[in-house]
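Asks: Following is a predicted model, sequence given first.
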Amino acid sequence: MEAKSTQDDYNKVKQDLQELREDLSKLTRSVSESQKSNISSLRDEIRRESQEAYDQVKQKGDQALHRAKDAGDKAVHEVEHKIEERPFLSILIMFLAGILVGKLLDR
């Protein structure tokens, strides 16, 4: 009778181990699928945030370029206005600047 009890215990442990393997396999599959889902949503979130950052940088760059263009246009307009106000003085200043540059290049 003791041999039968030992055999029954052995079979019970064997069955428990088989159930444990199956449960572990299911758990592994479940964790794997969950991680795939998490990775997918993390990738989508990173893609969305990087697109938002790119859009913000592009918008700020466009604004800076527009401000620089406006400042350049304003400076050119002011120089043109000064030349129109005093054309003789402007020609004289350009002539003197040319002589100065010529002397510097002769050295």
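Replies: Thanks, I have the structure now.

Asks: ok, residue 94 to residue 18 distance?
Replies: Distance, residue 94 to residue 18, using CB to CB, to the nearest Å: 98 Å. For every residue, glycine as well, the C-beta is placed using N, CA and C.

Asks: need the longest helix for this structure.
Replies: In terms of residue count, the longest helix belonging to the chain (DSSP state H) is helix 2-85.

Asks: Which strands or helices does that one pack on?
Replies: Judged by 3 or more CB pairs under 8 Å, 6 or more residues apart in numbering; DSSP states H and E, helix 2-85 has no packing partners among the helices and strands.

Asks: Distance from the helix or strand that comes right after that helix to the middle of the chain?
Replies: Heading C-terminal from helix 2-85, the first helix or strand you meet, by DSSP states H and E, is helix 87-106. Relative to its parent chain, helix 87-106 has a centroid offset of 50 Å by CA atoms, centre = their mean, to the nearest Å.

Asks: and what of stretch 13-30?
Replies: Taking the mean C-alpha point of stretch 13-30 and that of its whole chain, the gap between them comes to 44 Å (CA atoms, centre = their mean).

Asks: do the same with stretch 33-46
Replies: 19 Å.

Asks: What mean pLDDT does it get?
Replies: Averaged across stretch 33-46, the pLDDT comes to 84.

Asks: cool, and stretch 65-80?
Replies: Per-residue scores along stretch 65-80 average to 92.

Asks: Using PDB, write out every CA atom in it.
Replies: This file holds the C-alpha atoms of stretch 65-80, laid out as PDB (Å, rounded to 0.1, in the frame of the first residue of the first chain):
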ATOM      1  CA  LEU A  65      14.100  84.000 -40.400                       C
ATOM      2  CA  HIS A  66      11.100  86.300 -40.900                       C
ATOM      3  CA  ARG A  67      12.400  88.700 -38.200                       C
ATOM      4  CA  ALA A  68      15.900  88.700 -39.700                       C
ATOM      5  CA  LYS A  69      14.500  89.400 -43.200                       C
ATOM      6  CA  ASP A  70      12.400  92.200 -41.900                       C
ATOM      7  CA  ALA A  71      15.400  93.700 -40.000                       C
ATOM      8  CA  GLY A  72      17.500  93.500 -43.200                       C
ATOM      9  CA  ASP A  73      14.800  95.100 -45.300                       C
ATOM     10  CA  LYS A  74      14.400  97.900 -42.800                       C
ATOM     11  CA  ALA A  75      18.200  98.500 -42.700                       C
ATOM     12  CA  VAL A  76      18.400  98.600 -46.500                       C
ATOM     13  CA  HIS A  77      15.400 101.000 -46.600                       C
ATOM     14  CA  GLU A  78      17.100 103.300 -44.000                       C
ATOM     15  CA  VAL A  79      20.400 103.300 -46.000                       C
ATOM     16  CA  GLU A  80      18.500 104.100 -49.200                       C
END
